[in-house]
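**Q** 3D, please:
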Amino acid sequence: MVTVTYAQKRKQNKKASFPKDCVKKHRPLKPEEIEILKKNLNTSDSPDWSNVLVSSEAFDPNLLYGSSFSGFVVLGALRKALLKYHDLELECGIYNSKLRDTVTGDDNAIHNVAYLDNYRLGKSVILFNIQEMSCTKHSKFGNGILKQGESEDVRVWIGVANENGGRAVLPFESMIAADAYLWSRKRGDKKLLKRFVELTENGNSKKLDTYGIVGNESVIKNTTLLKDAKIGDCAYIKGAFKLKNITVLSSAQEESQIGEGVEMVNGIMGYGSRAFYQAVAVRFVLGRNCQLKYGARLLNSILGDNSTVSCCELLNNLIFPFHEQHHNSSFLIASTLMGQSNIAAGATIGSNHNSRSPDGEIIAGRGFWPGLCSDFKHNSKFASFVLASKGSYQHELNVSYPFSLISPGGENDAIQVMPAYWFMFNMFAIARNNYKFKKRDLRVNKIQRIECDPLAPDTMQQILPALDRLIELTKVYLQNAGLESVVSAKSEAQKLQAAKDFLHQNPNADFVLHDELCQKKYGAVILKPVKAYKEYRKIVKYFAARSLMEFCDSKKIKKLSETAIQKIMAIELYTKWTNAGGQIIPSKKIDELCAKINSKKIDSWEGVHKFYDKCQASYGDFKARYSIYLLEQLYSRKISDFTKEIFLDIIADVTVVSNDMLSDSIYSRKKDYDDPFRQMTYGDKEEMTAVLGSLNDNSFLRDLKVQTEEFNKKLVSVF
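**A** Numbers count the residues shown, from 1 in each chain. The predicted structure is shown next:
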């Protein structure tokens, strides 16, 4: 501890100068104003009060009482007025507070701030009951940058996806999940990793001249410590315990809030996000419209837009948008979850690594949904929309079948996998998914287009190899069963074709397959493979038909004529896709982006985001071209060789899927009214209707019915 005498402090203050950008429209205090200030028990470290400037527009010295001023202090307009926010109503002015090296905005209400150092406040700001609010000259506000003279070991990294830091990224204010994903996965390109650091440092002067910021109309009350904080406009902070080295992005359109007992250190909070009730976040990035509450702990993790986390613990994760995890005892560690995930109560993902070192990872595609009290072993990988039944999964998993249901076997048994489960038994979820997430997307500024539809290029590219795998396993099964067409086939290709023919010609066949690749040591039993095969094919046709119809709509094409097909065929074909933070982008485009970053053609994260936007602008065209490719793969011929019968087959299968979505959705909701086990908690139908609402009042079902009728008509017309 260094002791500075009062005389020394006065000498230092004489040398202090006002920031050049803060002296316009301000003036020194008048002698009569100084007398009033002294009379009201205010003090200054400068005997002549020369360290204080006040607004030339309006200044009422009677609005300062019992406060002290040191260093430089620049006060905005102060008029006799009240500021009110909810039930809090305070007079403008500075009361019982200590200000040092501070610039206030017009009409601020600063009450009982024990220590306010090196901050600049916007207009109509309320500060009430704050113990310490200070900012160092080298603050980074949660960004992963360095200031002059600082060494690399003080740089803030976020160790996403892996506990050993091998996928760590640097946080920055405009970071979205796509940026973090790109950075965390491209680890072999050392030049690119260096360029990511340069992009993050872009615009950093490195000067030791930073100061804390509180934006216009923000309210901070009953808070213990704010250190090195940058608070945006219209933010509301109440009862927070510790906010250190953070940025709180907030605006009048997307207000952010921090509540009671919250601790946030070394991170960035996105626009419109909220943290309440003893939540803790350390080394983090919160996306837009996120919620962190009820004692949740978010450590070394990045949480995508529109996500809610409470009552749980998350360590070293990269999580894409629309993540739900709000139950006690849920634990998630060292994982990359690609969005629209839901972690049930008691789910434990990360407690049992497969080695002594914490280097394991879990990767799950969109729609990952582990059941109650389920646990998994690192390393594991899941295709999109995998629903895991309750249980303990003792061995590493590689579930490559999208839209499947998995169930645990015994400790030394195969797990059970039902591919295409969602299409067989939960079509309502497929139909509602897009509607549900779009409704929950409360971002005012949608920086990135998030794909909410389960049926998209990323899931289709998983279905194709799943179909091939079912054919391969069926071939093995039929060969062991002695089926003549397979046994007598001379080549591997002929055997596979015989297995494929069997799947087509025997839709009601009932047998199981064994896939040794799904689980280490014991593999998996594949249930209902024939039905899964048929469902997968129908869904691919549905996606392809819908995408082609959307393309025709966008180009004002009435029929999928030969000319229209030629137009689509002229579009570049992309067969591999990447889920980049929730946006589906051709993998070659990601490679192109990385090349442009390496060559410095893209030299900022803003430029990276513009590249994402450019990809999105062509997304519909890319899907249309990919859809023709999918149909050609299903029918094993070029589209130019498609017959009338093939197009009729497409119409028939797609219509079945469309109608199933509607009928299954109605059935799923209708059983809430008809099932006696659902009815038994209600005294009569009137009570049930009052609680559940009327089936006819369901807006989703009404809209879906209209959309289905229109879709089926347009399908026939276009095809």
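
**Q** tell me where the longest helix sits in the protein.
**A** helix 644-674 (DSSP state H).

**Q** what residues of it count as buried?
**A** By 16 or more other Cβ atoms under 10 Å, the buried positions in helix 644-674 come out as 650-651, 653-655, 657-658, 660-662, 664-666, 668-669. The C-beta positions use only the backbone N, C-alpha and C, and glycine is treated the same way.

**Q** now do stretch 461-475
**A** For stretch 461-475, by 16+ other Cβ under 10 Å, it's 461-464, 466-467, 469-475.

**Q** kindly indicate which of those lies nearest Asn426.
**A** Ile463 (16.3 Å; Cβ to Cβ).

**Q** ok, now which ones touch the closest residue in space to the closest one that isn't next to it in sequence?
**A** Excluding the flanking residues, the one nearest Ile463 by Cβ to Cβ, 6 or more residues apart in numbering is Tyr536, at 5.1 Å. Tyr536 sits next to Pro419, Ala420, Phe423, Ile463, Ala466, Leu467, Leu470 when contact means Cβ atoms under 8 Å, 6 or more residues apart in numbering.

**Q** what do you get for Ile94?
**A** Leu63, Leu64, Tyr65, Ser67, Leu75, Leu78, Thr104, Asn108, Ile110.

**Q** now the spatially closest residue to the second one that is not a sequence neighbour: which helix or strand?
**A** This points to Leu64. For Leu64, ignoring the flanking residues on the chain, the nearest one in space by Cβ to Cβ, 6+ apart is Ile94 at 4.8 Å. Assigning secondary structure by DSSP states H and E places Ile94 in strand 93-95.

**Q** next SSE after that strand?
**A** Reading on from strand 93-95 to the C-terminus, the next helix or strand found by DSSP H and E is strand 98-103.

**Q** for that following strand, packing partners?
**A** strand 68-74, strand 109-113, strand 116-117, strand 119-121 (3 or more Cβ pairs under 8 Å, 6 or more residues apart in numbering; DSSP states H and E).

**Q** now do 10 Å
**A** Applying 3 or more Cβ pairs under 10 Å, 6 or more residues apart in numbering; DSSP states H and E, we find strand 98-103 packed against strand 68-74, strand 109-113, strand 116-117, strand 119-121, strand 126-134.

**Q** out of the ones you listed, flag the one nearest Ala509.
**A** So among those, strand 126-134 is nearest, using Cβ to Cβ, at 71.2 Å.

**Q** which of the residues in the closest one are buried?
**A** Ile126, Leu127, Phe128, Asn129, Ile130, Glu132, Met133, Ser134.

**Q** now those as JSON lines including distance to Ala334 and pLDDT?
**A** Shown next, in JSON lines, are the buried residues of strand 126-134 (distance: Cβ to Cβ, whole Å; pLDDT from 0 to 100):
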{"residue": "Ile126", "distance to Ala334": "41", "pLDDT": "98"}
{"residue": "Leu127", "distance to Ala334": "40", "pLDDT": "98"}
{"residue": "Phe128", "distance to Ala334": "41", "pLDDT": "98"}
{"residue": "Asn129", "distance to Ala334": "40", "pLDDT": "98"}
{"residue": "Ile130", "distance to Ala334": "37", "pLDDT": "97"}
{"residue": "Glu132", "distance to Ala334": "35", "pLDDT": "97"}
{"residue": "Met133", "distance to Ala334": "36", "pLDDT": "98"}
{"residue": "Ser134", "distance to Ala334": "35", "pLDDT": "97"}
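
**Q** distance of the closest residue to Glu606 other than its chain neighbours from Asn445?
**A** Leaving aside its chain neighbours, Glu606 sits nearest to Ser174 (7.0 Å; criterion: Cβ to Cβ, 6+ apart). Per Cβ to Cβ, to the nearest Å, Ser174 is found 11 Å from Asn445.

**Q** who has more neighbours, these two?
**A** Ser174 (14 against 10; other Cβ atoms under 10 Å).

**Q** which pLDDT value goes with that one?
**A** Note on Ser174: pLDDT of 95.

**Q** you'd agree it is up against Gly607?
**A** No: Ser174 is beyond contact range of Gly607, at 11.2 Å (criterion: Cβ atoms under 10 Å).

**Q** on the three-state scheme, Lys24 is what?
**A** coil (DSSP: H, G, I helix; E, B strand; the rest coil).

**Q** now swap in Glu550 and tell me
**A** helix.

**Q** tell me the contacts of it?
**A** Glu550 is in contact with Gly620, Lys623, Ala624, Ser627, counting by Cβ atoms under 10 Å, 6 or more residues apart in numbering.

**Q** filter those to the buried ones?
**A** The neighbour-count test (16+ other Cβ under 10 Å) marks Lys623, Ala624, Ser627 as buried among those.

**Q** just these now: which is nearest Gly159?
**A** For the buried ones among the contacts of Glu550, the nearest to Gly159 is Lys623 (35.2 Å; Cβ to Cβ).

**Q** Ile463: what secondary structure?
**A** Taking three-state DSSP as the rule, one finds Ile463 in the helix state.

**Q** quick check, it in contact with Ala544.
**A** No: taking contacts as Cβ under 10 Å, Ile463 lies outside contact range of Ala544: 11.2 Å.

**Q** what touches both of these two?
**A** Leu455, Leu630.

**Q** picking up where we left off before, what's the closest of the buried residues of stretch 461-475 to Phe368?
**A** Once Cβ to Cβ is applied, the member of the buried residues of stretch 461-475 that ends up nearest Phe368 is Gln462, at 13.0 Å.

**Q** which ones are touching that closest one?
**A** With contacts defined as Cβ under 10 Å, 6+ apart, the neighbours of Gln462 are Gly365, Ala383, Ser384, Phe385, Ser400, Tyr401, Pro402, Phe403, Tyr536, Trp577.

**Q** how close does the residue lying closest to the third one once chain neighbours are set aside get to Ile302?
**A** Using Cβ to Cβ, 6+ apart and skipping residues adjacent in sequence, the residue nearest Ser384 is Gly365, 3.3 Å away. As for Gly365, its distance to Ile302 is 18 Å (criterion: Cβ to Cβ).

**Q** those two: which has the busier surroundings?
**A** Between Gly365 and Ile302, Ile302 has the larger neighbour count (other Cβ under 10 Å), namely 30 against 25.

**Q** while we're on the closest residue to Lys538 other than its chain neighbours, how confident is the model there?
**A** Nearest non-adjacent residue to Lys538, counting by Cβ to Cβ, 6+ apart: Asp653, 4.6 Å away. Note for Asp653: predicted pLDDT of 93.

**Q** Asp653 against Tyr542, yeah?
**A** Yes: assessed by Cβ under 10 Å, Asp653 is found in contact with Tyr542 at 7.3 Å.

**Q** for the stretch 201-350 of the chain, what spans make up the strands?
**A** Along the stretch 201-350 of the chain, the segments classed as strands by DSSP state E, counting those that start in this stretch run 212-214, 219-231, 236-238, 242-248, 257-258, 263-269, 274-275, 280-286, 291-293, 297-303, 308-319, 324-337, 348-352.
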